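**Student:** sequence unavailable; structure follows:
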């Protein structure tokens, strides 16, 4: 996780960011292309804390659905400026807490 966090925080230009997104997308598509139907059809435990079983295919689809949810958030926030994203609220709370300690 530390490596991923450091990679995420590395400064990049717009062109570098787009190249990274294209590369990661191509890698993910290549990985998916190599999976067999039988592997994708296997049932797996989706949540260890509650009994939910899904196919590997359903689990992979949920990743895409989660991405689409986040892609839609900026539109929702632009439509109603009163909406403050949860990550923004959390950052504001951290800043306020730090300001209170100073």
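**Tutor:** Good, I have the coordinates. The structure displayed is predicted, hence computed values, not measured ones. Numbering: from 1, shown residues only.

**Student:** now residue 41. Nearest residue, chain neighbours left out?
**Tutor:** Closest residue to residue 41 apart from its sequence neighbours, by C-beta to C-beta, 6 or more residues apart in numbering: residue 55 at 5.5 Å. Where you see a C-beta, it was placed from the backbone N, CA and C, and this is true even at glycine.

**Student:** and the one you found, bridged to which residues?
**Tutor:** When bridges are taken as DSSP bridges, the partners of residue 55 come out as residue 43.

**Student:** pLDDT score for it?
**Tutor:** Looking at residue 55, its pLDDT stands at 93.

**Student:** doesn't residue 39 make contact with it?
**Tutor:** No - judged on C-beta atoms under 8 Å, residue 55 makes no contact with residue 39 at a distance of 9.7 Å.

**Student:** who are the packing partners of the helix or strand encompassing residue 78?
**Tutor:** Residue 78 belongs to helix 56-79 when elements are defined using DSSP states H and E. If you count contacts as 3 or more C-beta pairs under 8 Å, 6 or more residues apart in numbering; DSSP states H and E, helix 56-79 packs onto helix 37-41, strand 43-47.

**Student:** can we see that at 10 Å?
**Tutor:** Where contact means 3 or more C-beta pairs under 10 Å, 6 or more residues apart in numbering; DSSP states H and E, helix 56-79 is packed against helix 14-33, helix 37-41, strand 43-47, strand 52-55, helix 86-101.

**Student:** can you list contacts of the longest one?
**Tutor:** The contact list for helix 14-33, computed with C-beta atoms under 10 Å, 6 or more residues apart in numbering, reads 7, 10, 12, 13, 40, 57, 60, 63, 64.

**Student:** out of these, flag the one nearest to residue 49.
**Tutor:** For those, the closest approach to residue 49 (C-beta to C-beta) belongs to residue 63, at 19.4 Å.

**Student:** read off the pLDDT value for the closest one.
**Tutor:** On the pLDDT scale, residue 63 gets 83.

**Student:** what do you get for residue 98?
**Tutor:** 87.

**Student:** equivalent analysis for residue 102, please.
**Tutor:** 59.
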